[in-house]
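1. Predicted model and sequence follow; I will ask about them next.
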Amino acid sequence: MIALDSIDIESQVEIALDEDLGPGDRTAELIPADALSRVKVISREAAVICGIAWFNEVFRQLDDGIQISWHCSDGDSVKAGDLLCELQGNTRALLSGERSALNYLQVLSGTATLARRYADAVAGTGVRILDTRKTLPGLRLQQKYAVTCGGCDNHRIGLFDAILIKENHIKAAGSVAAAVKKALEMAPDIEVEVEVESLAELDEALAAGARRVLLDNFTLDDLRTAVSRVKGAARLEASGGVNLTTIRAIAETGVDDISVGALTKDVVALDLSMQFIDG
(Lines give C-alpha, C1' and ligand atoms only; values in the text may rest on other atoms or scores of the structure.)
Protein backbone atom coordinates (compact mmCIF):
# COMPACT_ATOMS: atom_id res chain seq x y z
CA MET A 1 0.00 0.00 0.00
CA ILE A 2 1.29 3.45 -0.90
CA ALA A 3 1.80 5.70 2.14
CA LEU A 4 1.66 9.45 1.66
CA ASP A 5 4.94 10.01 3.51
CA SER A 6 6.72 7.67 1.08
CA ILE A 7 6.05 9.98 -1.89
CA ASP A 8 8.38 12.83 -2.86
CA ILE A 9 5.60 15.37 -3.24
CA GLU A 10 7.98 18.33 -3.25
CA SER A 11 9.85 17.13 -6.33
CA GLN A 12 6.64 16.18 -8.14
CA VAL A 13 5.20 19.64 -7.61
CA GLU A 14 8.44 21.29 -8.72
CA ILE A 15 8.07 19.51 -12.06
CA ALA A 16 4.41 20.51 -12.38
CA LEU A 17 5.14 24.17 -11.65
CA ASP A 18 8.08 24.24 -14.05
CA GLU A 19 5.82 22.80 -16.73
CA ASP A 20 3.14 25.46 -16.20
CA LEU A 21 5.06 28.58 -15.16
CA GLY A 22 8.30 28.15 -17.06
CA PRO A 23 10.29 31.40 -16.59
CA GLY A 24 7.30 33.18 -15.03
CA ASP A 25 3.56 33.90 -15.07
CA ARG A 26 3.26 36.82 -17.49
CA THR A 27 -0.47 37.29 -16.93
CA ALA A 28 -0.18 37.50 -13.15
CA GLU A 29 2.12 40.51 -13.61
CA LEU A 30 -1.00 42.51 -14.40
CA ILE A 31 -1.75 42.42 -10.65
CA PRO A 32 0.15 44.60 -8.14
CA ALA A 33 2.91 42.57 -6.52
CA ASP A 34 1.63 43.29 -2.99
CA ALA A 35 -2.08 42.62 -3.68
CA LEU A 36 -3.84 40.16 -1.35
CA SER A 37 -6.94 38.06 -2.02
CA ARG A 38 -9.24 35.41 -0.59
CA VAL A 39 -10.43 32.51 -2.71
CA LYS A 40 -12.45 29.35 -2.26
CA VAL A 41 -12.54 25.99 -3.99
CA ILE A 42 -15.84 24.20 -4.47
CA SER A 43 -16.78 20.87 -6.00
CA ARG A 44 -19.28 20.92 -8.83
CA GLU A 45 -20.12 17.24 -8.38
CA ALA A 46 -20.26 14.45 -5.81
CA ALA A 47 -16.85 12.88 -5.33
CA VAL A 48 -14.21 11.39 -3.07
CA ILE A 49 -11.48 13.94 -2.37
CA CYS A 50 -7.79 13.21 -2.86
CA GLY A 51 -4.69 15.30 -3.53
CA ILE A 52 -4.69 17.79 -0.67
CA ALA A 53 -0.95 17.41 0.01
CA TRP A 54 -0.08 18.24 -3.61
CA PHE A 55 -2.50 21.17 -3.68
CA ASN A 56 -0.93 22.59 -0.51
CA GLU A 57 2.60 22.06 -1.80
CA VAL A 58 1.91 24.06 -4.96
CA PHE A 59 1.12 27.16 -2.95
CA ARG A 60 3.85 26.52 -0.38
CA GLN A 61 6.43 26.58 -3.17
CA LEU A 62 4.99 29.75 -4.68
CA ASP A 63 4.49 31.66 -1.41
CA ASP A 64 4.65 29.94 1.97
CA GLY A 65 2.68 32.82 3.46
CA ILE A 66 -0.53 31.65 1.80
CA GLN A 67 -2.98 30.29 4.37
CA ILE A 68 -5.20 27.34 3.45
CA SER A 69 -8.16 26.17 5.50
CA TRP A 70 -9.58 22.78 4.50
CA HIS A 71 -13.13 21.63 5.19
CA CYS A 72 -12.44 18.01 4.15
CA SER A 73 -9.67 15.40 4.13
CA ASP A 74 -8.36 12.88 1.63
CA GLY A 75 -10.87 10.05 1.40
CA ASP A 76 -13.87 12.16 2.39
CA SER A 77 -17.02 12.11 0.28
CA VAL A 78 -18.40 15.50 -0.79
CA LYS A 79 -21.51 16.67 -2.59
CA ALA A 80 -21.97 19.02 -5.51
CA GLY A 81 -21.60 22.59 -4.27
CA ASP A 82 -19.59 21.67 -1.17
CA LEU A 83 -16.86 24.07 -0.06
CA LEU A 84 -13.55 22.21 -0.06
CA CYS A 85 -11.13 24.86 1.13
CA GLU A 86 -10.45 28.58 1.47
CA LEU A 87 -7.16 30.33 0.74
CA GLN A 88 -5.84 33.80 1.46
CA GLY A 89 -2.60 35.47 0.56
CA ASN A 90 -0.66 37.02 -2.29
CA THR A 91 -2.92 37.40 -5.33
CA ARG A 92 -0.22 36.71 -7.89
CA ALA A 93 0.73 33.45 -6.16
CA LEU A 94 -2.91 32.38 -5.92
CA LEU A 95 -3.41 32.98 -9.64
CA SER A 96 -0.14 31.33 -10.65
CA GLY A 97 -0.78 28.19 -8.61
CA GLU A 98 -4.46 27.77 -9.46
CA ARG A 99 -4.14 25.43 -12.43
CA SER A 100 -1.36 23.19 -11.11
CA ALA A 101 -3.06 22.83 -7.72
CA LEU A 102 -6.46 22.09 -9.25
CA ASN A 103 -4.95 19.64 -11.74
CA TYR A 104 -3.66 17.49 -8.90
CA LEU A 105 -6.88 17.73 -6.92
CA GLN A 106 -9.09 17.05 -9.95
CA VAL A 107 -7.21 14.03 -11.31
CA LEU A 108 -6.52 12.37 -7.96
CA SER A 109 -10.07 12.98 -6.74
CA GLY A 110 -11.35 11.51 -10.00
CA THR A 111 -9.22 8.42 -9.38
CA ALA A 112 -10.38 8.09 -5.77
CA THR A 113 -14.01 8.56 -6.79
CA LEU A 114 -13.86 5.77 -9.36
CA ALA A 115 -12.07 3.52 -6.87
CA ARG A 116 -14.84 4.10 -4.34
CA ARG A 117 -17.45 3.03 -6.90
CA TYR A 118 -15.62 -0.24 -7.46
CA ALA A 119 -15.12 -0.80 -3.73
CA ASP A 120 -18.82 -0.21 -3.10
CA ALA A 121 -19.74 -2.62 -5.91
CA VAL A 122 -18.12 -5.57 -4.09
CA ALA A 123 -18.95 -4.56 -0.52
CA GLY A 124 -19.42 -7.57 1.73
CA THR A 125 -17.67 -10.09 -0.52
CA GLY A 126 -14.22 -9.83 1.07
CA VAL A 127 -12.58 -9.38 -2.33
CA ARG A 128 -9.69 -6.95 -2.73
CA ILE A 129 -9.88 -4.61 -5.72
CA LEU A 130 -6.38 -3.95 -7.05
CA ASP A 131 -5.01 -1.29 -9.35
CA THR A 132 -2.50 -1.98 -12.12
CA ARG A 133 0.44 -0.28 -13.84
CA LYS A 134 -1.96 1.34 -16.34
CA THR A 135 -1.44 4.76 -14.77
CA LEU A 136 -1.09 8.20 -16.33
CA PRO A 137 2.58 8.86 -17.20
CA GLY A 138 4.34 10.62 -14.34
CA LEU A 139 1.44 10.03 -11.92
CA ARG A 140 2.09 6.42 -10.84
CA LEU A 141 2.51 6.98 -7.10
CA GLN A 142 -0.06 9.77 -6.95
CA GLN A 143 -2.77 7.65 -8.57
CA LYS A 144 -1.93 4.57 -6.53
CA TYR A 145 -2.30 6.66 -3.38
CA ALA A 146 -5.63 7.94 -4.69
CA VAL A 147 -6.81 4.35 -5.24
CA THR A 148 -6.29 3.66 -1.53
CA CYS A 149 -8.22 6.82 -0.62
CA GLY A 150 -11.13 5.37 -2.59
CA GLY A 151 -11.06 2.12 -0.63
CA CYS A 152 -9.21 -0.17 -3.06
CA ASP A 153 -5.71 -1.65 -2.86
CA ASN A 154 -2.41 -1.44 -4.68
CA HIS A 155 -0.88 -4.16 -6.82
CA ARG A 156 2.86 -3.93 -7.45
CA ILE A 157 4.22 -0.42 -7.84
CA GLY A 158 6.41 -1.16 -10.84
CA LEU A 159 8.56 -3.83 -12.41
CA PHE A 160 10.97 -3.82 -9.47
CA ASP A 161 8.98 -4.82 -6.38
CA ALA A 162 7.32 -8.08 -7.51
CA ILE A 163 7.43 -10.62 -10.32
CA LEU A 164 4.35 -10.99 -12.51
CA ILE A 165 4.86 -13.62 -15.20
CA LYS A 166 2.61 -12.79 -18.13
CA GLU A 167 1.86 -14.42 -21.48
CA ASN A 168 4.93 -13.13 -23.30
CA HIS A 169 7.24 -14.08 -20.43
CA ILE A 170 5.83 -17.61 -20.56
CA LYS A 171 6.37 -17.85 -24.31
CA ALA A 172 9.94 -16.62 -23.94
CA ALA A 173 10.64 -19.01 -21.05
CA GLY A 174 9.10 -22.00 -22.81
CA SER A 175 6.24 -22.88 -20.45
CA VAL A 176 4.33 -21.84 -17.36
CA ALA A 177 6.23 -24.32 -15.23
CA ALA A 178 9.65 -23.21 -16.51
CA ALA A 179 8.88 -19.55 -15.88
CA VAL A 180 7.53 -20.15 -12.37
CA LYS A 181 10.39 -22.40 -11.30
CA LYS A 182 12.98 -19.92 -12.59
CA ALA A 183 11.29 -17.01 -10.79
CA LEU A 184 11.08 -18.88 -7.49
CA GLU A 185 14.74 -19.86 -7.70
CA MET A 186 15.91 -16.40 -8.80
CA ALA A 187 13.92 -14.32 -6.29
CA PRO A 188 12.82 -16.37 -3.27
CA ASP A 189 12.17 -13.24 -1.21
CA ILE A 190 9.97 -11.44 -3.77
CA GLU A 191 6.30 -12.18 -4.42
CA VAL A 192 5.84 -14.18 -7.61
CA GLU A 193 2.57 -14.24 -9.53
CA VAL A 194 1.84 -15.99 -12.80
CA GLU A 195 -0.88 -15.27 -15.34
CA VAL A 196 -2.74 -18.27 -16.74
CA GLU A 197 -5.34 -18.47 -19.48
CA SER A 198 -6.88 -21.88 -18.82
CA LEU A 199 -7.56 -24.39 -16.07
CA ALA A 200 -4.80 -26.60 -17.53
CA GLU A 201 -2.30 -23.75 -17.15
CA LEU A 202 -3.56 -23.20 -13.61
CA ASP A 203 -2.77 -26.84 -12.77
CA GLU A 204 0.68 -26.44 -14.33
CA ALA A 205 1.35 -23.28 -12.30
CA LEU A 206 0.28 -24.92 -9.03
CA ALA A 207 2.43 -27.98 -9.70
CA ALA A 208 5.41 -25.69 -10.28
CA GLY A 209 4.90 -24.08 -6.86
CA ALA A 210 2.96 -20.91 -7.71
CA ARG A 211 1.23 -19.38 -4.71
CA ARG A 212 -0.38 -16.46 -6.48
CA VAL A 213 -2.12 -16.86 -9.81
CA LEU A 214 -3.81 -14.35 -12.12
CA LEU A 215 -6.77 -15.88 -13.94
CA ASP A 216 -6.91 -13.97 -17.22
CA ASN A 217 -10.32 -13.63 -18.91
CA PHE A 218 -11.78 -16.73 -17.25
CA THR A 219 -15.52 -17.30 -17.51
CA LEU A 220 -17.51 -17.17 -14.30
CA ASP A 221 -17.86 -20.96 -14.36
CA ASP A 222 -14.12 -21.41 -14.80
CA LEU A 223 -13.44 -18.95 -11.99
CA ARG A 224 -15.66 -20.99 -9.69
CA THR A 225 -13.93 -24.18 -10.80
CA ALA A 226 -10.52 -22.63 -10.15
CA VAL A 227 -11.53 -21.57 -6.64
CA SER A 228 -12.85 -25.05 -5.89
CA ARG A 229 -9.76 -26.72 -7.32
CA VAL A 230 -7.23 -24.54 -5.53
CA LYS A 231 -8.94 -24.75 -2.10
CA GLY A 232 -6.87 -21.89 -0.70
CA ALA A 233 -3.49 -23.32 -1.73
CA ALA A 234 -2.81 -20.20 -3.80
CA ARG A 235 -4.16 -16.66 -3.91
CA LEU A 236 -6.35 -16.19 -6.98
CA GLU A 237 -6.74 -12.92 -8.85
CA ALA A 238 -9.28 -12.38 -11.61
CA SER A 239 -8.55 -9.99 -14.47
CA GLY A 240 -10.05 -9.09 -17.83
CA GLY A 241 -13.58 -8.04 -18.71
CA VAL A 242 -13.96 -6.25 -15.40
CA ASN A 243 -16.24 -3.23 -15.14
CA LEU A 244 -18.83 -1.90 -12.73
CA THR A 245 -21.48 -4.10 -14.33
CA THR A 246 -19.54 -7.37 -14.14
CA ILE A 247 -17.44 -7.03 -11.03
CA ARG A 248 -19.98 -8.17 -8.45
CA ALA A 249 -20.55 -11.50 -10.20
CA ILE A 250 -16.78 -12.00 -10.50
CA ALA A 251 -16.31 -11.28 -6.80
CA GLU A 252 -19.00 -13.78 -5.85
CA THR A 253 -17.09 -16.64 -7.53
CA GLY A 254 -14.82 -16.70 -4.48
CA VAL A 255 -11.60 -15.27 -5.95
CA ASP A 256 -9.36 -13.37 -3.57
CA ASP A 257 -8.51 -10.36 -5.73
CA ILE A 258 -9.76 -8.58 -8.83
CA SER A 259 -7.42 -6.26 -10.74
CA VAL A 260 -8.99 -3.32 -12.56
CA GLY A 261 -6.97 -1.25 -15.03
CA ALA A 262 -9.82 1.24 -15.33
CA LEU A 263 -9.16 2.56 -11.83
CA THR A 264 -6.27 4.63 -13.12
CA LYS A 265 -6.52 4.33 -16.91
CA ASP A 266 -10.07 5.59 -17.44
CA VAL A 267 -10.09 8.33 -14.83
CA VAL A 268 -12.25 11.42 -15.40
CA ALA A 269 -11.04 14.52 -13.57
CA LEU A 270 -13.35 15.97 -10.94
CA ASP A 271 -15.05 19.24 -11.88
CA LEU A 272 -13.75 21.87 -9.43
CA SER A 273 -13.88 25.64 -9.34
CA MET A 274 -11.60 28.19 -7.64
CA GLN A 275 -13.44 31.46 -7.09
CA PHE A 276 -12.26 34.79 -5.71
CA ILE A 277 -14.24 36.02 -2.71
CA ASP A 278 -15.30 39.67 -2.84
CA GLY A 279 -14.17 41.78 0.07
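-> That came through fine. Numbering: from 1, shown residues only.
2. after the longest helix that the chain contains comes which helix or strand?
-> Longest helix of the chain, by residue count under DSSP state H: helix 91-121. Secondary structure here is assigned by DSSP states H and E; on that basis, the next helix or strand after helix 91-121 toward the C-terminus is strand 128-130.
3. Next secondary structure element downstream of that following strand?
-> Sequence order places helix 140-149 as the next helix or strand after strand 128-130, per DSSP H and E.
4. that older thread, orientation of the longest helix of the chain relative to helix 140-149 in degrees?
-> Using axes from the mean of the first three to the mean of the last three CA atoms, to 10 degrees, the direction of helix 91-121 lies 50 degrees away from that of helix 140-149.
5. What residues of helix 91-121 count as buried?
-> Neighbour-count burial for helix 91-121, counted by 16 or more other CB atoms under 10 Å, picks out 91-116, 118-119, 121. No exception for glycine: its C-beta is placed from N, CA and C like everyone else's.
6. and residue 214, that's in a helix?
-> No. Note on residue 214: no helix contains this position according to DSSP: H, G, I helix; E, B strand; the rest coil, which reports strand.
7. So what's the residue count around it?
-> With neighbours defined by other CB atoms under 10 Å, the count for residue 214 comes to 24.
8. picking that back up, chain center to the longest helix of the chain, what's the gap?
-> Helix 91-121 has its C-alpha centroid displaced from the chain centroid by 12 Å (CA atoms, centre = their mean, to the nearest Å).
9. shift numbering so it begins at 29
-> Right, with 29 as the first residue, what we last looked at is helix 119-149.
10. How about the contacts made by the residue of the chain most remote from its centre?
-> Relative to the centre of the chain, and counting by CA atoms, centre = their mean, the farthest-placed residue is residue 60 at 39.9 Å. By CB atoms under 8 Å, 6 or more residues apart in numbering, residue 60 lies in contact with residue 119.
11. Distance of it relative to residue 120?
-> Distance from residue 60 to residue 120, counting by CB to CB, to the nearest Å: 8 Å.
12. For residue 105, which non-adjacent residue is closest in space?
-> Residue nearest to residue 105 in three dimensions, not counting chain neighbours: residue 76, with 5.6 Å by CB to CB, 6 or more residues apart in numbering.
13. pretty sure the one you found is touching residue 107, no?
-> No. Using CB atoms under 8 Å, residue 76 makes no contact with residue 107, being 11.5 Å away.
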